[in-house]
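In: pasting the structure only:
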């Protein structure tokens, strides 16, 4: 699915002036770029792109002071291109205050240096400039300001771009540039299909309809100068950039609400979801708001902390050839480590989409899987049916650990009495404790986890905390039964399994282009698997937690995290995600009645629990301080693939998260 479109004014500079060109020639003076940028700054444009023709033709940058002045004067995202030939050039431009750099000639002359820059700043900071002409029906790349023709085919050019690691491509049809004859729609579509990267279309835009058409053909953004800056006929300067409201009308499928697009929502949804979007500042990129712990956003913030984490994971696990090779290497290692054993790896299964799809994928690659299920006795019938439907057809063995239901219900009651949010902590810890115990029993060195940062995101620490000490303390204070059958993880068991067992925890979905909706179709068609209505809703108590307890008692909704992840990964537009989020989540009154009766609460007692004073994990003893003290150890374990990176970020960094008191 497409991400939100961007409309980018592109300014051409020469001798410190703003000029207009046609087909990369006839430089005509237009005006003062600082004045033009200041107007765009007031328009709240998505970003502004500056291409310095002097630097481009000389092959070097001579005006860093001028670039620094531009960046310091204006509070909007800026991209620079022209004369970029080294890591030092890129470093100096970014230090000047520009967020992105366009590279063209250096793709052919300094590829190794540019690749080093990608490793240093991330692919999202570098844009590959494709200046081209269409010759005999073929796209022919040019460099050196459009003067010299390369000997690369488009296919080989794309291959080089992927190898270097660029995050975007700016494609400019030289023969259309500045002519207002229309964007090169056919080749926009062709390049967008060939690359798994965002494409910025440029060259020839004559109307706003051209911009819409380019986006509909696969471009993620359109860069233009003339139509945003010049009055047709007289060719005098008149800023013609569409307002936010006009943009929403141009792209109705992407923007549903002007107020949300400007990052402030007044939407209040009462009922089952409670306060789903507060009157807080929203991340420009996703649905995260400033009230979420560690969001690190305020007015003018470029993006939230969770978007930063997502981008770092994208750099570490880029989809494409690198991921394919990494996944193949992982499969080979798992098979090698499984030689002489009955099983190669353990996969935790719940009947949900992620674990079911992983069983499908890993089995297709020839792994001998032991499926393990932690049964907390709250499974829905559909979850159980899904587990057996998939595993039976694939011929995968299943081990199920069933906790004592009375003991487990007592644990749930304890957490409800404690006043905390983290009432699903026992399920997560019990699940992981079960996996390690079976891995130890069968001598298996690989635990496969069905998590994808592209579809689930990262739960804020202030929203969800878990460790074995936390469960032990809560149960001791509020429970009526000892922990006997519950597979808890105490600190020394945790250290043993993480540091000394040699067991690795891996999330293969990070390497896969995992599209959740496509996965559902595959599972349904091949195994008769059934959808259960929502993420985490395959378990009845978990469904109660997500649809009733969390939103009604705390005014929070985990869909904000999950939908934000889908928006970041391009599987959902922000406008559509907001529409989904502000729609009331249905609450099954029969489910609430079932939970209340099973846990032995009268209606009055249940209402009392839902109105207890709100407390948080730091009100109780946990292992958090120990994790922080052992941060160097867990850093090593993270590098050895023994603990997930999300554990290190959330649990080991002191004061890395702000907490909201009640």
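Out: Sure, I can see it. Because the structure is predicted, anything quoted here is derived from the model rather than measured. Numbers count the residues shown, from 1 in each chain.

In: break this structure down into its domains, please.
Out: The chain resolves into domains spanning 6-250, 341-555+613-618 when parsed by automatic domain parsing.

In: least confident of the ones you listed, on average?
Out: Ranked on mean pLDDT, the bottom entry among the domains of the chain is domain 6-250, at a mean of 84.

In: now do the same end-to-end measure for that one.
Out: Domain 6-250 has an end-to-end distance of 12 Å (Cα to Cα, to the nearest Å).

In: about what we covered before: wait, which of the domains of the chain is closest to residue 629?
Out: Nearest to residue 629 among those is domain 341-555+613-618; the distance by Cβ to Cβ comes to 11.7 Å. For glycine as for every other residue, the C-beta is placed from the backbone atoms N, C-alpha and C.

In: quick check: residue 452 vs residue 209, distance?
Out: Noted for residue 452: a distance of 37 Å to residue 209, by Cβ to Cβ, to the nearest Å.

In: which one of those two is surrounded by more residues?
Out: residue 452 (24 against 11; other Cβ atoms under 10 Å).

In: that older thread, redo the domains of the chain as a markdown table? Include distance to residue 316.
Out: Output for the domains of the chain, formatted as a markdown table (distance: least, Cβ to Cβ, whole Å):
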| stretch | distance to residue 316 |
| --- | --- |
| domain 6-250 | 10 |
| domain 341-555+613-618 | 8 |
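
In: which one of the ones you listed lies closest to residue 288?
Out: Here domain 341-555+613-618 is closest among the domains of the chain (Cβ to Cβ), at 8.8 Å.

In: tell me the gap between that closest one and the middle of its chain.
Out: 22 Å (Cα atoms, centre = their mean, to the nearest Å).

In: measure that domain end to end?
Out: Note: domain 341-555+613-618 ends 43 Å apart using Cα to Cα.

In: ok, stretch 475-493 next?
Out: Chord length of stretch 475-493, first to last residue, is 19 Å (Cα to Cα).

In: also stretch 282-298?
Out: Stretch 282-298 has its terminal residues 8 Å apart, counting by Cα to Cα.

In: now swap in stretch 627-634 and tell me
Out: One end of stretch 627-634 sits 8 Å from the other (Cα to Cα).

In: so what touches it?
Out: Residues from elsewhere that reach stretch 627-634, judged by Cβ atoms under 8 Å, 6 or more residues apart in numbering: 467, 498-499, 643, 647-648, 651-654.

In: if we use 6 Å, what do you get?
Out: The contact list for stretch 627-634 (Cβ atoms under 6 Å, 6 or more residues apart in numbering) reads 643, 648, 651-652, 654.

In: for ChimeraX, what selects the buried ones among these?
Out: Remark: buried members of these, expressed as a ChimeraX selection using 16 or more other Cβ atoms under 10 Å:
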select :643,648,651,652
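
In: now flag whichever of the contacts of stretch 627-634 is closest to residue 160.
Out: Distances from residue 160 to the contacts of stretch 627-634, taken by Cβ to Cβ, are shortest for residue 648, at 34.4 Å.

In: contacting residues for that closest one?
Out: 634, 638.

In: 10 Å instead, please
Out: 627, 631, 634-635, 637-639 (Cβ atoms under 10 Å, 6 or more residues apart in numbering).

In: repeat that for residue 207.
Out: By Cβ under 10 Å, 6+ apart, residue 207 lies in contact with 180, 182-183, 213, 227, 232.

In: can you name the two of those that sit furthest apart?
Out: 213 and 232 (18.5 Å).

In: report the buried members of the contacts of residue 648.
Out: In the contacts of residue 648, burial by neighbour count holds for 627, 634, 637-638, counting by 16+ other Cβ under 10 Å.

In: can you redo these as a markdown table, where the extra columns are pLDDT and secondary structure?
Out: As requested, the buried ones among the contacts of residue 648 are exported to a markdown table (pLDDT from 0 to 100; DSSP: H, G, I helix; E, B strand; the rest coil):
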| residue | pLDDT | secondary structure |
| --- | --- | --- |
| 627 | 92 | helix |
| 634 | 90 | helix |
| 637 | 90 | helix |
| 638 | 87 | helix |
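
In: and the gap between the residue lying closest to residue 210 once chain neighbours are set aside and residue 197?
Out: Spatial nearest neighbour of residue 210, excluding adjacent residues (Cβ to Cβ, 6 or more residues apart in numbering): residue 183 at 5.1 Å. Distance, residue 183 to residue 197, by Cβ to Cβ: 18 Å.

In: of these two, which one has the most company?
Out: A direct count of neighbours by other Cβ under 10 Å for residue 183 and residue 197 places residue 183 higher, at 25 against 21.

In: can you give me the helices in the stretch 501-650 of the chain?
Out: Assigned by DSSP state H, counting those that start in this stretch, the helices in the stretch 501-650 of the chain fall at 516-527, 540-544, 550-554, 559-568, 574-581, 589-598, 603-609, 624-629, 631-639, 645-647.

In: can you classify residue 480 by secondary structure?
Out: When classified by DSSP: H, G, I helix; E, B strand; the rest coil, residue 480 comes out as coil.

In: so what's it closest to, chain neighbours aside?
Out: With sequence-adjacent residues excluded and distances taken as Cβ to Cβ, 6+ apart, residue 480 is closest to residue 410, at 5.7 Å.

In: test my guess that that neighbour contacts residue 476.
Out: No: here residue 410 lies out of contact with residue 476, judged by Cβ atoms under 10 Å, at a distance of 11.8 Å.

In: joint contacts of the two?
Out: Residues touching both residue 410 and residue 476 (Cβ under 10 Å, 6+ apart): 482-483.

In: of those two, which one has the most company?
Out: Legend: neighbour count by other Cβ under 10 Å for residue 410 and residue 476, higher for residue 410 (20 against 12).

In: quick one: that one from residue 621, how far?
Out: For residue 410, the distance to residue 621 equals 20 Å [Cβ to Cβ].

In: residue 518 and residue 200: what is the separation?
Out: In terms of Cβ to Cβ, residue 518 sits 27 Å off from residue 200.

In: of those two, who's got more company?
Out: For the pair residue 518 and residue 200, the greater number of neighbours falls to residue 200 (26 against 12), based on other Cβ under 10 Å.

In: who are the contact partners of the more buried one?
Out: Counted by Cβ under 10 Å, 6+ apart, residue 200 has contacts 6, 8, 10, 49, 79, 102, 127, 129-130, 168-172, 188, 214, 219-223.

In: so which of the residues you listed are in helices?
Out: Among the contacts of residue 200, the residues falling in helices (DSSP state H) are 188, 214.

In: among the contacts of residue 200, which are located in strands?
Out: 6, 8, 10, 49, 79, 102, 127, 129-130, 168-172, 221-223 (DSSP state E).

In: can you say which of these are buried?
Out: Those of the ones in strands among the contacts of residue 200 that meet the buried threshold are 6, 8, 10, 49, 79, 102, 127, 129-130, 168-172, 221-223, by 16+ other Cβ under 10 Å.

In: circling back: export the buried ones among the contacts of residue 648 to a markdown table and tack on distance to residue 569?
Out: Shown next, in a markdown table, are those (distance: Cβ to Cβ, whole Å):
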| residue | distance to residue 569 |
| --- | --- |
| 627 | 29 |
| 634 | 27 |
| 637 | 27 |
| 638 | 22 |
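
In: pick out the most distant pair among these.
Out: Pairwise distances across the buried ones among the contacts of residue 648 (Cβ to Cβ) peak at 11.9 Å, for the pair 627 and 638.

In: quickly list what's touching both of those two.
Out: 647-648, 652.

In: closest one to residue 163 out of those, please.
Out: residue 648 (29.7 Å).

In: tell me the secondary structure of residue 4, please.
Out: Strictly by three-state DSSP, residue 4 counts as coil.
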